[in-house]
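[1] Sequence first, then the predicted structure, then my questions.
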Amino acid sequence: MLHSEQGDAHISPSGQVPIFLIGMMGAGKTTIGRGLARSLGREFLDLDHEIEARCGVSIPTIFDIEGEAGFRRRETQVLEEVTLRRAVVLATGGGAVVAPENQALLRARGIVLYLKAGSDELFRRVAKDKNRPMLLTANPKARIVELLRQREPIYEQLADYTVETGHGSIHTVLDAVARLLKEHAQRGENI
Ligand SMILES: Nc1ncnc2c1ncn2[C@@H]1O[C@H](COP(=O)(O)OP(=O)(O)OP(=O)(O)O)[C@@H](O)[C@H]1O
Ligand SMILES: O=C(O)C1=C[C@@H](O)[C@@H](O)[C@H](O)C1
Ligand SMILES: [Mg+2]
């Protein structure tokens, strides 16, 4: 549910409430986010890309220079800024939900949609991609299992809606999201 913060969120004109996608690496936040934004006629923002644009370097480089703690500080700063944008679909980073201050921003400022997939499928999707510093370990599959175990309760607790993305096509997921948002609007909720 959309909780108003400083009284601003609930007075957004129709079509202005930001939609935040949360979930693990490979769950489809970027892919589904782009498609959803296109179908709603909204701007699409990706938190990881916004961080990279502001820093002028890639996320792996930020991890190399500043470590995870430095990346997380930057992630919170950029999240604070981009969650104020109206009428956007925002794909967050896989770990953006962990910091309590980030949870508060997401909860207060928009509709939170959890894209959920199991560890086998997540691993299949990200295995060949070297751009994910959290997975640069001897056993990336075990790392995904562990991160999912830690984060799943946070994703579940933060989500207004959850959509399974581990099976079926991108099209099927986009249809399911569109249906949820339509029902949300039909209940008289802001969107
Ligand atoms: N049903 C589906 N829903 C979403 N993505 C799917 C689906 N089926 C296959 N895919 C593929 O899974 C991959 C999802 O990767 P994507 O980069 O969108 O994830 P992400 O959640 O943004 O990850 P990260 O947090 O690392 O940025 C894409 O290559 C996409 O084509
Ligand atoms: O799951 C994570 O902790 C991360 C996911 C990516 O989206 C990036 O934000 C970064 O690689 C960290
Ligand atoms: Mg992404």
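    Sure thing, it's come through. Ligands and ions are numbered 1, 2, ... in the order given.

[2] how about the strands of this protein, start to end?
    Counting by DSSP state E, residue ranges of the strands within the chain are 19-22, 43-46, 88-91, 111-116, 161-164.

[3] Do the longest one and ligand 3 come into contact?
    So that's strand 111-116. No. On the criterion Cβ under 5 Å from the ion, strand 111-116 is out of touch with ligand 3, staying 10.1 Å away. Placement of C-beta: from N, CA and C, glycine included.

[4] Excluding its own residues, what touches that strand? List them.
    Where contact means Cβ atoms under 8 Å, 6 or more residues apart in numbering, the residues beyond strand 111-116 that reach it are 2, 17-23, 27-29, 32, 106, 155-156, 158-166, 173, 177, 180-181, 184, 191.

[5] Now which of those would you call buried?
    2, 17-23, 27-29, 32, 106, 155, 158-163, 165-166, 173, 177, 180-181, 184, 191 (16 or more other Cβ atoms under 10 Å).

[6] In the protein, mark out all the helices, start to finish.
    29-40, 47-55, 59-82, 100-109, 119-126, 140-158, 170-186 (DSSP state H).

[7] follow-up on the earlier one: from the contacts of strand 111-116, which are also near ligand 3?
    Among the contacts of strand 111-116, proximity to ligand 3 is found for Lys29 (Cβ under 5 Å from the ion).

[8] and ligand 1, which of the contacts of strand 111-116 contact it?
    Of the entries in the contacts of strand 111-116, those that also sit close to ligand 1 under the rule Cβ under 6 Å from any ligand atom are 23, 27-29, 32, 165, 173.
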